[in-house]
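A.B. asks: Got a sequence here, can you build the structure:
(chains A and B)
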Protein chains: 2
Amino acid sequence: MTDRKEFRDLADPEDARQAIASLDLTPDPEQVPLAEARGRVLAERIDAALDVPGFDRASMDGYAVRARDTFGADESDPASLELAGAVHAGEEPDVAVEEGHAVEISTGAVMPEGADAVVMVERTEESDDGETVLVRTAVAPGDHVMLAGADVAAGERALGPGTRLTAREIGLLSALGVESVPVGGKPTVGIVSTGDELVRPGEEVDSAAGQIYDVNSYTVATAVEEAGGEPKLYPHAGDDYDEMEAILREAADECDLVLSSGSTSASAVDVIYRVIEERGELLLHGVAVKPGKPMLIGRVGESAYVGLPGYPVSALTIFRTFVAPAVREAAGVPEPATATVEARMAAEERYGEGRMRMMPVGLVEDAGSDGPGDLLAYTTDKGSGATTSLVEADGVVEVPADTAYVAEGESVEVQLFSPEVRPPTALGVGEDDPALARLLDALERPRYLSVGSREGLRRLRDGVPDFAVTSGGSADDRGVEATELAAYDREWGLVVPAGNPEEVAGLVDLVDRDLRFVNRGSDSGLRTSLGNAVADLADDRGVSRHDLVESIDGFGLAAKAHESPARKVAGEQADAGLGLRATAEKLGLGFVPVGSETVRVLANPDRTEKSGVRELRRALDEELDAVLSELPGFGR
Amino acid sequence: MTDRKEFRDLADPEDARQAIASLDLTPDPEQVPLAEARGRVLAERIDAALDVPGFDRASMDGYAVRARDTFGADESDPASLELAGAVHAGEEPDVAVEEGHAVEISTGAVMPEGADAVVMVERTEESDDGETVLVRTAVAPGDHVMLAGADVAAGERALGPGTRLTAREIGLLSALGVESVPVGGKPTVGIVSTGDELVRPGEEVDSAAGQIYDVNSYTVATAVEEAGGEPKLYPHAGDDYDEMEAILREAADECDLVLSSGSTSASAVDVIYRVIEERGELLLHGVAVKPGKPMLIGRVGESAYVGLPGYPVSALTIFRTFVAPAVREAAGVPEPATATVEARMAAEERYGEGRMRMMPVGLVEDAGSDGPGDLLAYTTDKGSGATTSLVEADGVVEVPADTAYVAEGESVEVQLFSPEVRPPTALGVGEDDPALARLLDALERPRYLSVGSREGLRRLRDGVPDFAVTSGGSADDRGVEATELAAYDREWGLVVPAGNPEEVAGLVDLVDRDLRFVNRGSDSGLRTSLGNAVADLADDRGVSRHDLVESIDGFGLAAKAHESPARKVAGEQADAGLGLRATAEKLGLGFVPVGSETVRVLANPDRTEKSGVRELRRALDEELDAVLSELPGFGR
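C.D. replies: Numbering: from 1, shown residues only, chains lettered A, B, ... in the order given. Sure thing, here's the model as predicted:
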């Protein structure tokens, strides 16, 4: 057990890829109705079983004639033919065309016996009594007639095996009257999640008991669908050996591939390991890749098995780069060209370890006034395991084990998490602010990272984001070059329980009384404003700022987002929290105003003409006032 | 009525686009379960309703401690803490950590009260009696603990409206416990097909009554799905006014958009026109675009209506270029970048008319030994209305009305028929041959156009295809430079009814007796071989070839594909047909051998190193013998 956990002999990532490729996931072909065949892949060649059209068919409205009867006819000397009847589309002709005769015919109708050409109606004139028709042009045999089989002839190769069925192929199959088609089956991929603490979305989560929602099951299931597979979720196995073994065996029986994602408990890994050893074959355990080291590759019964890492970004990364190619291969669905993009590194990265790295990156377009620019890739998740980094990263860059350094500006290939992923139209960073959050709704595909004002300014200075949002200070103070797009004010203070039962009057109460306070992080502009207010109070009292801060219970307790302190108050875990009037009113809490601070939206000066930034500017110009008017304590 | 049919005032294509854009197709948002939300587009912003994690969570296996108790501890001087219990993931802690105490904790478990840090198990040692644990490192408050809300804080903006849901977004929504999400509805697109002659695939078609399979309904339905819409097929309306009016009104009630495709009968157009005038609004009728001139744009009741042309390629072209953008817009699904490619014209094209042209083109990669090359676009369908041209074209080039000439080599933008369309790996042209048709099954994504040996050679000389297949003559004869990849022989002759009831012995019987014969087209190599045999016979008899040919009933009757003459014999429409021994045996017919001809597979000399051509060469080397051995009369 210890040996396994330490992975003394890590396999080469290439060997892991080959091990997965060696697991044959290909399901049996199946027959699907034509109406459901879109995107599927033909399992066999389809030859035409019939002629299209199945009869000699008029391709114009006009008159079916014997071409010979029209020879020499022209405008000045029309041929006069006896009108013998009519044939319409979808009718069996009840008349034949004899010498000197013509039959009225509509486009698509069966050519009557004896006729070998059609004269367009525009070149004819029917007599008033409908007995004769004057033909003002000569036609050759075959004119305006599509012979039976001229479109598709019976016996012709129509579509080859491996053909992906799009609209046009469905069209050809329709013409052949095909009701259903043999297509490659979709590989069924069972997803087994382990861990007593996991709860499916939609069910109630009991936080006190340490329950959390299961992220990997739906994430991986979606990625399986994107790769052309059919995901099948199995009930949570918990950590009980017998239950887990039963679920694994059931999944192996029913699926072409079984995936589990890293359980937090060593015992779960142990169960999987034992089931594979008893009922299958272990091909690999432990791969020299980060993340993904504990990857387990093998077979359980007839099914393939791959164990994915536990962190969501890691699970998706390993699925995308190691497992999805095998699923696509089995499904016969090639990876779209859009699944990979070229980008330049926004900053250098150094690697200490001798393991291949799957580096999650976000993308931003470095576009200026002269049109579209390069894509920049910046690293995101540093292995925190956070689910937010799922949507903060666009894809992953594979860094070989022998690469210790990737330079700023170096070109890298980014494997997008999904082929549909597209880089954000505008990348913003900085203060967490409710007015801005609403304004972003007006943009097409923005990304905003709430890293706080200070960190936001630092990143803007490094040139990666398109814009930064700050509060509680000014950009000039830090020497960051930026173009101010807008500025507005927000009222901040202490959020207290509804009705303010403790009768908190201001900062002084935090210092002088025994109140539990919750603060924001030191990168937050709101925190800066609080710090300034505390410093002013210290000056007034003639004490040091440090002493004042020490006497506030919870001053060091930094909550992540702008609503978090207020929510701690709402949850009765605190008596007061740093926050905005808007938040207090939204959550139905009390509010003790302390001050007002200015929020600034600052554009990267090199990107002011980028379309996403222009869109932001338009939204600020046209919609900011409406947004501010809806938020108590906001204005300008 | 006459006015309408002649479209005296054709609208500008741009006006048609705007008219379609003005028809609002956007359906109401709907709520879908998370598991079915892939690819959908969020209708509203989603803010986090809860903290993730919902509790302070251990992020390592180890011991929960008060950090202060570990201060100063290191390898040589460990801190000894009393072991007070254990907490596992998914459990509510039943113990608190008091000063000098530690609690065993597993990754993901709730931090017990009193503890503020976790020491990794690797840096500890438990006593044998399980009473104490030695901690060999100092930890700071917060070490290996993820605070409640540190991943996602309640109230944070999680995803904005308009976000396309891929695996990563589904992951974040899972973490938030979201069971279902509000997404933009898929526009419902009703497809009404008119025409008494149309039969749905899967049903029996009565060719004698002029019935044909309905191609456009499924083709357009598939294209609607590709554009993010929900297609709904209505029963065939026939040409009856009341029936058709009822179906149109039903479709308009149930759908956001109703499409019909050009009926072959003028009366159907008339009915649609009248229903629109009575129950809706006509925006446009007749557009200066080819194909697509009779396009009809309007409203029926609450629904939008667009009438598409009748030919399949035309219907798909007009849908793709005029209607799909509006469907995508309503569905919130942008067109993938892969839907359009750049190409160079393979040959010049001239345009006489002053109408915008939607020119269907096929694509071939002009790749040599030096890697991938440009894409060449060659024109395909010339308005024949054939369904085969559906799969022979990859997309369409928009040629403005004022463009009279597109030069060879000129760069054009090709709008692919579907984003999944990819150019063939190898493009072949020439003789229709069953051995080759089987061999193509071994290639990844070939395209083969059975244009006959003569036309195949002509195209090879012009440099467009990758390879040509000829029979009945030699490439050298026509001065075409080519690299021969393989050659094999096939036995040809006269296909006659089973048992040869007429006791046909050879060509002489065609000449001397009153037999109905069916020939192949003059581009076919088989026809060349027949011609040579007829010439030899004429020489023997000392008569002119012309006289001999004149005495063969049906010598001029050219059937499209290599099996077609044999099938005419099988259908008792002929006594003898030009064909192969292999075809006769396949169809259970009799065969009178006349000769053997050589089939040559000739590569474009500039493309011999193109990967598709190398794949063809490999297939010829490795699989041709097996294919030939299965076909009677084939060999080398």
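A.B. asks: Identify each buried residue in the longest helix seen in chain A, please.
C.D. replies: Taking DSSP state H as the criterion, chain A has its longest helix at helix A:611-630. Going by neighbour count (16 or more other CB atoms under 10 Å in any protein chain shown), the buried part of helix A:611-630 is A:612, A:613, A:615, A:616, A:617, A:619, A:620, A:624, A:627, A:628. In short, each C-beta sits where N, CA and C put it, glycine included.
A.B. asks: cool, stretch A:31-50 as well?
C.D. replies: For stretch A:31-50, by 16+ other CB under 10 Å, it's A:32, A:34-35, A:37-43, A:45-48, A:50.
A.B. asks: First-to-last residue distance for stretch A:130-139?
C.D. replies: Stretch A:130-139 has an end-to-end distance of 22 Å (CA to CA, to the nearest Å).
A.B. asks: what's the answer for stretch A:69-88, then?
C.D. replies: OK, stretch A:69-88 end separation, CA to CA: 22 Å.
A.B. asks: So is that stretch next to chain B?
C.D. replies: Yes - residues of stretch A:69-88 contacting chain B under CB under 8 Å from any CB of the partner chain: A:87, A:88.
A.B. asks: List the contacts of that stretch.
C.D. replies: Stretch A:69-88 has contacts (CB atoms under 8 Å, 6 or more residues apart in numbering or on different chains) with A:58, A:63-65, A:93-106, A:109-110, A:112, A:117, A:119, A:125-127, A:130-139, B:196, B:210, B:265.
A.B. asks: just the buried members of those residues?
C.D. replies: A:58, A:63-65, A:93, A:95, A:97, A:101-106, A:109-110, A:112, A:117, A:119, A:132-133, A:135-139, B:196, B:210, B:265.
A.B. asks: In strands only, show me the residues you listed.
C.D. replies: The strands, defined by DSSP state E, take in A:58, A:63-65, A:101-105, A:117, A:119, A:132-133, A:135 from the buried ones among the contacts of stretch A:69-88.
A.B. asks: What's the first helix or strand after the longest helix of chain A?
C.D. replies: strand A:634-635 (DSSP states H and E).
A.B. asks: how far away is residue A:330 from residue A:355?
C.D. replies: 28 Å (CB to CB, to the nearest Å).
A.B. asks: Pick out whichever of the two has more residues nearby.
C.D. replies: Neighbour count, other CB atoms under 10 Å in any protein chain shown: between residue A:330 and residue A:355, residue A:330 has more, with 25 against 19.
A.B. asks: hang on, the earlier thing: could you export the buried residues of helix A:611-630 as JSON lines, including distance to chain B and pLDDT?
C.D. replies: Shown next, in JSON lines, are those (distance: CB to the nearest CB, whole Å; pLDDT from 0 to 100):
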{"residue": "A:612", "distance to chain B": "13", "pLDDT": "94"}
{"residue": "A:613", "distance to chain B": "17", "pLDDT": "95"}
{"residue": "A:615", "distance to chain B": "12", "pLDDT": "95"}
{"residue": "A:616", "distance to chain B": "13", "pLDDT": "97"}
{"residue": "A:617", "distance to chain B": "18", "pLDDT": "97"}
{"residue": "A:619", "distance to chain B": "12", "pLDDT": "97"}
{"residue": "A:620", "distance to chain B": "16", "pLDDT": "97"}
{"residue": "A:624", "distance to chain B": "16", "pLDDT": "97"}
{"residue": "A:627", "distance to chain B": "12", "pLDDT": "97"}
{"residue": "A:628", "distance to chain B": "17", "pLDDT": "97"}
